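Undergrad: Sequence first, then the predicted structure:
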Amino acid sequence: MEFVKKIEAPVADSLMGKGAFDGTDELYMGMLGMHGTKASNLGVTKCDLLITVGARFSDRVIGNASRFAKNAKIIQIDVDPAEINKNIKVDCSIIGDIKEVLARLNPRVEKHQHKEWIDEIREISEKHPLKYNEEGLTGPYVIEQIYKVTEGNAIITTDVGQHQMWAAQYYRYKDPRTFLSSGGLGTMGYGVGAAIGAKVGRPEKAVLNIAGDGCFRMNMNEIATAARYNIPIIQVVINNHVLGMVRQWQTLFYGKRYSQTILNDGVDFVKVAEALGAEGIRVTKKEEVAPAIEKAIALGRPVVIDCVIDCDDKVFPMVPAGAPIEDAFDQDDLNKEA
């Protein structure tokens with residue numbers, strides 16, 4: 001934080017960097033990459049100096065490598081020398097523990113002011129905010145309500161897919177290690193175990209696992225483990241009856257040729273929760289979300305909240321595979337092309 005304030009620079013983060021910088025700070029511009037904000041993606045594209053702290057330039061972050069930060073000198077700080085120049089060639093590197101590196105740098109860095117640049121990025125952010133369909137219950141709305149009810153103080157774990165991106169986009173993480181996810185490994189079923197571990201380690205925190213219905217099926221039997229040991233995690237199922245992220249790609253890039261992504265069967269997650277020894281709550285309307293979360297926190301036992309949303313709810317912005325990150329598009333852009 002001190003380093004950022006001294007150089008007065010906008011801040012973007014990666015999926016696995018959530019909470020390293022306060023997501024409520026005025027200099028925070030959102031996540032970078034395939035589902036990053038337009039402010040962060042365009043900011044990195046326009047900037048003349050990019051300082052990368054602990055990030056590895058994965059393909060989900062940089063998009064088309066030849067077009068990434070093409071106007072910038074790049075400084076990379078990382079503890080692992082193997083990460084330097086691995087995916088993106090940098091102009092300068094510092095190898096070391098980031099905490100120690102910044103502790104040594106901060107006294108040597110003079111205070112800078114970049115009001116014109118900050119104003120430009122804020123203008124992009126105001127022109128292209130994160131947005132979603134406000135008619136009916138949606139994944140982003142559920143995450144926003146979780147953030148409001150918990151006041152941003154919960155530990156959030158996720159599985160993999162659309163819900164994972166919504167949890168990264170719409171919950172503002174203030175502290176490190178409050179967003180636990182398998183990242184790019186694609187580990188469906190990771191979240192329940194992560195939530196159990198987080199609650200045991202931080203019993204004073206509300207711990208919520210965000211999962212899609214496809215992911216929840218991978219490891220939902222572990223709700224019985226939470227019930228057996230009375231570990232009061234809250235499992236939120238973003239239930240669209242499909243494998244949402246794959247369906248989104250099939251919709252946008254493969255002519256709606258849906259293959260192996262429809263899960264429209266008779267599984268009742270409320271009854272499953274009860275059978276496994278937990279409380280089950282079903283949510284189908286926006287006004288039911290906050291009360292369900294409040295009830296789940298107050299119960300002090302494992303709870304499954306089944307949030308039923310539309311099968312074609314999408315994650316935006318989005319960068320097509322192989323495209324530069326400045327090509328991020330959202331539903332408004334698609335509507336203009338239609």
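TA: Happy to help now that I have it. Remember, predicted model here, so these are calculated numbers, not experimental data.

Undergrad: Is it correct that residue 334 falls within a strand?
TA: No. Per DSSP: H, G, I helix; E, B strand; the rest coil, residue 334 lies outside any strand segment and is helix.

Undergrad: how near is it to residue 60?
TA: 21 Å (C-beta to C-beta, to the nearest Å). Placement of C-beta: from N, CA and C, glycine included.

Undergrad: Comparing these two, which shows the higher neighbour count?
TA: The neighbour count for residue 334 versus residue 60, taken as other C-beta atoms under 10 Å, is higher for residue 60 (17 against 13).

Undergrad: So that one sits against residue 34, correct?
TA: Yes. Taking contacts as C-beta atoms under 8 Å, residue 60 lies within contact range of residue 34: 4.9 Å.

Undergrad: any weak-confidence spans in the stretch 201-338 of the chain?
TA: In the prediction, the stretch 201-338 of the chain carries no residues with pLDDT under 70.

Undergrad: Start from the N-terminal end of it and give the helices.
TA: 213-219, 223-228, 244-253, 269-275, 289-299, 331-337 (DSSP state H, counting those that start in this stretch).

Undergrad: which of those helices sits most buried?
TA: Ranked by mean neighbour count under mean count of other C-beta atoms under 10 Å, the helices of the stretch 201-338 of the chain are led by helix 213-219, which reaches a mean of 23.

Undergrad: Which elements pack onto that helix?
TA: Helix 213-219 sits against helix 190-201, strand 234-239, with contacts defined as 3 or more C-beta pairs under 8 Å, 6 or more residues apart in numbering; DSSP states H and E.

Undergrad: Please save the CA atoms from it in PDB.
TA: This file holds the C-alpha atoms of helix 213-219, laid out as PDB (Å, rounded to 0.1, in the frame of the first residue of the first chain):
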ATOM      1  CA  ASP A 213     -24.200 -26.900  -9.500                       C
ATOM      2  CA  GLY A 214     -21.800 -28.800 -11.700                       C
ATOM      3  CA  CYS A 215     -18.900 -28.300  -9.300                       C
ATOM      4  CA  PHE A 216     -21.000 -28.900  -6.100                       C
ATOM      5  CA  ARG A 217     -21.800 -32.400  -7.500                       C
ATOM      6  CA  MET A 218     -18.100 -33.200  -7.500                       C
ATOM      7  CA  ASN A 219     -17.600 -33.100  -3.800                       C
END
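
Undergrad: What lies in contact with that helix?
TA: Helix 213-219 is contacted by residues 159-161, 163, 188-193, 235, 237-244, 263, 267, 269 when judged by C-beta atoms under 8 Å, 6 or more residues apart in numbering.

Undergrad: Could you do stretch 243-253 as well?
TA: 160-163, 165, 212, 214, 238, 256-263, 311-315, 318, 320.

Undergrad: Which ones among those residues lie within strands?
TA: Within the contacts of stretch 243-253, residues falling in strands by DSSP state E are 212, 238.

Undergrad: what distance separates stretch 124-131 from the middle of the whole chain?
TA: Its chain's C-alpha centre and that of stretch 124-131 lie 17 Å apart, by C-alpha atoms, centre = their mean, to the nearest Å.

Undergrad: In that stretch, which residues are buried?
TA: Going by neighbour count (16 or more other C-beta atoms under 10 Å), the buried part of stretch 124-131 is 124-125, 128, 130.

Undergrad: ok, how many other residues are close to the residue nearest to residue 62 when sequence neighbours are not counted?
TA: Excluding the flanking residues, the one nearest residue 62 by C-beta to C-beta, 6 or more residues apart in numbering is residue 68, at 4.3 Å. Per other C-beta under 10 Å, the neighbour tally for residue 68 reads 20.

Undergrad: ok, now residue 24?
TA: Neighbourhood size, residue 24 [other C-beta under 10 Å]: 9.

Undergrad: repeat for residue 148
TA: Neighbourhood size, residue 148 [other C-beta under 10 Å]: 13.

Undergrad: Let me have the helices of the stretch 201-338 of the chain in a markdown table, extended by distance to residue 199.
TA: Below are these laid out as a markdown table (distance: least, C-beta to C-beta, whole Å):
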| stretch | distance to residue 199 |
| --- | --- |
| helix 213-219 | 16 |
| helix 223-228 | 8 |
| helix 244-253 | 26 |
| helix 269-275 | 17 |
| helix 289-299 | 12 |
| helix 331-337 | 36 |
